[in-house]
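Asks: Okay, here's the prediction I keep looking at, along with the sequence it came from:
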Amino acid sequence: MDEGALNRFGKYLDAELNASKETVRAYLREISDLRKHLVETTGKDPEDGGWVSVTTADVRRFLSSSMEGYESSSVARRLSAIRTFFSFLVSIGEARANPASGLSGPRRSMRLPEFLPVDEMTGFLSSLPADDPAAKRNAAILELLYSSGLRVGELVSLRMRDVSMESGTVRVTGKGRKVRIVPVGEKALCALREYLDVRPVAVGAEFQSGIDEPLFLNRRGKVGFKSGAGISARSVARILKDAVGKSKGVNRRLSPHGMRHSFATHLLESGADLRAIQEMLGHASLSTTQRYARVDVSHLVGMYEKAHPLAKSEAGGGKGRKEK
């Protein structure tokens, strides 16, 4: 692939679009796959003739080859990456038109990860051991995931300066590098206090109390974020998986994203405003929040009957309006 175009595209995603590191890596990987596909199917490397020679038919064939064995969300991401790449090439004069602009992606699946009912979540978190520094760290991680509805990537990016024990809030940098302030429940604050009390010796990592240090340390990391002291998203998923496996009250799979779904659903079931939930989750669209926060129909009917002034008849008992 044209290394010049690749490097410039990566810098464009980072500097101009404020894309996350994960998005940059994913988009560059998709364009690399497109280039490989073009070489295999047409015998032409876009490095030679330039990306200007790529047609809509080329892109359509590439996407079609992705349908088998890939979820619709993965195919949609590929199309989004290709559209963004060629829009960038058009803007810098290295392509005349965007061959992906007229293509429509597959309908995205509405499937959501598992989440726990309130009683199961309460029992699960209450059963977490906290008898050593590593266990205290793990408990603080899981309590914070549920208490504040953080994405796992947001949690592992937290620094010491981001947590305010006084105000009971955490400063989160979300998608698009947008910053939001999210409240933290008292139970999670308690778990954080217990972890911070032992953080100097937590999991044997070298310690420095600077405000720029990662909040959650890993087992092998030395001091300083650049040296890898911060825990990884993969480690958080493993910690949750191990905790669920040892719990007697949880009989379903639960991912870090499922903790986030549980947070949103439980808030909505308790009567929280949907737009407030949207703000806490860091969603740009309210429709995204509606998909995240799932409630059953009986709960919605109950909320409606309590809130709407004409939900029930004035006479009661379903006999309708009184005659005058």
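Replies: Right, received. Where do you want to start? Numbers count the residues shown, from 1 in each chain.
Asks: just for the stretch 51-200 of the chain, where's the confidence low?
Replies: Filtered on pLDDT under 70, the stretch 51-200 of the chain yields the residue ranges 66-71, 105-113, 200.
Asks: where along it do the helices fall?
Replies: All helices of the stretch 51-200 of the chain, identified by DSSP state H, counting those that start in this stretch, fall at 56-67, 72-91, 118-126, 133-148, 152-156, 186-198.
Asks: Same list, the ones you listed, but as a markdown table with distance to G230 and mean neighbour count please.
Replies: Where C-beta positions appear, they are placed from N, C-alpha and C, glycine not excepted. Listed next are those as a markdown table, based on distance: least, C-beta to C-beta, whole Å; neighbours: other C-beta atoms under 10 Å:
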| stretch | distance to G230 | mean neighbour count |
| --- | --- | --- |
| helix 56-67 | 33 | 16 |
| helix 72-91 | 26 | 18 |
| helix 118-126 | 23 | 16 |
| helix 133-148 | 12 | 24 |
| helix 152-156 | 6 | 21 |
| helix 186-198 | 14 | 18 |
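Asks: Let me have those in a markdown table, extended by distance to R234.
Replies: Listed next are the helices of the stretch 51-200 of the chain as a markdown table, based on distance: least, C-beta to C-beta, whole Å:
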| stretch | distance to R234 |
| --- | --- |
| helix 56-67 | 25 |
| helix 72-91 | 19 |
| helix 118-126 | 21 |
| helix 133-148 | 13 |
| helix 152-156 | 9 |
| helix 186-198 | 20 |
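Asks: between the ones you listed, which gets nearest to P309?
Replies: Closest of the helices of the stretch 51-200 of the chain to P309 is helix 118-126, at 28.9 Å (criterion: C-beta to C-beta).
Asks: ok, residues contacting that closest one?
Replies: With contacts defined as C-beta atoms under 8 Å, 6 or more residues apart in numbering, helix 118-126 is touched by 116, 139, 142-143, 146, 187, 243-244, 247, 249-250, 262, 266, 269.
Asks: between it and helix 133-148, how big is the angle?
Replies: Interaxial angle, helix 118-126 versus helix 133-148 (axes from the mean of the first three to the mean of the last three C-alpha atoms, to 10 degrees): 150 degrees.
Asks: C-alpha coordinates for helix 118-126, CSV please?
Replies: Extracted in CSV, the C-alpha atoms of helix 118-126 (Å, rounded to 0.1, in the frame of the first residue of the first chain):
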residue,chain,number,x,y,z
VAL,A,118,-30.6,-5.6,39.6
ASP,A,119,-30.7,-8.4,42.2
GLU,A,120,-28.1,-10.5,40.4
MET,A,121,-25.8,-7.5,39.9
THR,A,122,-26.0,-6.5,43.5
GLY,A,123,-25.3,-10.1,44.7
PHE,A,124,-22.4,-10.4,42.2
LEU,A,125,-20.7,-7.3,43.3
SER,A,126,-21.3,-8.0,47.0
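Asks: Contacts only, for the residue nearest the centre of the chain.
Replies: In the chain, the centroid-proximal residue (C-alpha atoms, centre = their mean) is R151; its distance is 4.2 Å. Applying C-beta under 8 Å, 6+ apart, we find R151 in contact with 174-175, 256-257, 260, 282.
Asks: Same check on T288?
Replies: Going by C-beta under 8 Å, 6+ apart, T288 touches Q278.
Asks: what helix or strand does it sit in?
Replies: helix 286-292 (DSSP states H and E).
Asks: Give me the distance from that helix to the chain's centre.
Replies: Distance, stretch centre to chain centre, for helix 286-292: 13 Å (C-alpha atoms, centre = their mean, to the nearest Å).
Asks: and if you look at stretch 53-65?
Replies: Remark: stretch 53-65 is offset 30 Å from the chain centroid, using C-alpha atoms, centre = their mean.
Asks: quick thing: my sequence starts at 673, can you match it?
Replies: Done: numbering now begins at 673, and the last item shifts to stretch 725-737.
Asks: which outside residues touch that stretch?
Replies: By C-beta under 8 Å, 6+ apart, the residues outside stretch 725-737 that reach it are 705-706, 709-710, 713-714, 716, 718, 747, 750-751, 754, 758, 767, 771-772, 774-775.
Asks: Recalculate using a threshold of 7 Å.
Replies: 706, 709-710, 713, 718, 747, 750-751, 754, 771-772, 774-775 (C-beta atoms under 7 Å, 6 or more residues apart in numbering).
Asks: likewise stretch 702-715?
Replies: Contacts to stretch 702-715, defined as C-beta under 7 Å, 6+ apart, come from residues 673, 716-718, 726, 730, 733-734, 737, 749-750, 753-754, 757.
Asks: which parts of that stretch are buried?
Replies: Buried residues in stretch 702-715, defined by neighbour count with 16 or more other C-beta atoms under 10 Å: 702-703, 705-707, 709-710.
Asks: I'd like the list of the residues you listed that fall within helices, please.
Replies: Using DSSP state H, the members of these that fall in helices are 702-703, 705-707, 709-710.
Asks: Going by distance to P886, which of these wins?
Replies: Closest approach to P886 among these (C-beta to C-beta): E702, at 29.6 Å.
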